[in-house]
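Participant: Sharing a model that was predicted from the sequence below.
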Amino acid sequence: MNKLSVTIITKNEEKNIKRCLKSVKWADEIIVVDSGSADNTVKICQDFGCRVIERGWRGFGKTKKFAVDNASYNWIFSIDADEEMTKELKTYIQKLLSKPKSRGYKIKRRSYYLGKKIKHCGWNRDYPLRLFNRQYGNFNEKIVHESVEINGDVGRIESELLHYTYPTIESHIERLARYSVLSAKQKYKKGKKVTITGAMTRGVIKFVKMYFFQLGFLDGKYGFLLSLNSSYGVFIKYLKLWEMNQK
């Protein structure tokens, strides 16, 4: 069986990291790149036997790519601190690694919002590419909304990866504020422009898409709040892009 390196990037993840590490402790090694945690994240990772590398923040893409580059083995499983590998996914990957048929694999991810499993809002179509052979690809260097780019065929795994995102409204709003700045900077560097009306329109479209077309209303009040806050995030992102262009 091919050996597996698990890679994780962290900053102040003591509330999440134990659950994540317990689910992947079977891997041949765990690489953690920490960007200045002020809590017990690093100690927890060290207690689990992880190889911890402390490094200044370079953006999501570059940091995740750095973690992959420092792994010992070619097969990589990239997992976020607020995610958990299910037992079914573990078993599937263990069998798959004995004779992989593809160079990378997209994995079905099931996400929770405010502690509630979300079945619609477009989140039911979430298949991030997380398992791959680094000989054929790696993360791109986007500062946000990074992804793995593979030269070759990509398979799909239906066994679930669990994502415990946004346990509170506050955590969602805080991340929206942080991500909106990064996304706006990324678009600004590409020469993108927008009007205030355009920013508002994009926010409204996001809500309509998630809540109605992607059946978010079937998730009840959680679907409404998720759609509403997500649309606000889009509006703020483009409003910040407008502001950058004014300067």
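Facilitator: Yep, that arrived. Quantities reported herein were computed from a predicted structural model and do not represent experimental measurements.
Participant: Please name the residues that touch residue 209.
Facilitator: For residue 209, the contact set (Cβ atoms under 8 Å, 6 or more residues apart in numbering) comprises residue 122. Where you see a C-beta, it was placed from the backbone N, CA and C, and this is true even at glycine.
Participant: And it, how far from residue 96?
Facilitator: Summarising the geometry, the distance separating residue 209 from residue 96, computed by Cβ to Cβ, to the nearest Å, is 34 Å.
Participant: Kindly report the same for residue 169.
Facilitator: When distances are taken as Cβ to Cβ, residue 169 and residue 96 turn out to be 38 Å apart.
Participant: Have a look at those two and say which one is more surrounded.
Facilitator: residue 96 (19 against 12; other Cβ atoms under 10 Å).
Participant: Return the backbone torsion pair for the more buried one.
Facilitator: Backbone torsions for residue 96, taken as degrees, to the nearest 10, come to phi -60, psi -40.
Participant: I figured it was touching residue 105, is that so?
Facilitator: Yes: counting by Cβ atoms under 8 Å, residue 96 does reach residue 105; the two are 7.4 Å apart.
Participant: anything in contact with each of these two?
Facilitator: When contacts are counted by Cβ under 8 Å, 6+ apart, residue 96 and residue 105 have 131, 157 as shared neighbours.
Participant: show me the contacts for the nearest residue to residue 129 once chain neighbours are set aside.
Facilitator: Leaving aside its sequence neighbours, residue 129 sits nearest to residue 148 (Cβ to Cβ, 6 or more residues apart in numbering; 4.4 Å). Residues near residue 148 by Cβ under 8 Å, 6+ apart: 78, 104, 129, 130, 132, 137, 138, 139, 140.
Participant: roughly how far apart are the residue lying closest to the second one once chain neighbours are set aside and residue 222?
Facilitator: Closest residue in space to residue 104, ignoring its immediate chain neighbours: residue 132 at 3.6 Å, by Cβ to Cβ, 6+ apart. For residue 132, the distance to residue 222 (Cβ to Cβ) stands at 32 Å.
Participant: And these two? Which one has more around it.
Facilitator: Neighbour comparison, residue 132 and residue 222: the larger count goes to residue 132, with 27 against 19 (by other Cβ under 10 Å).
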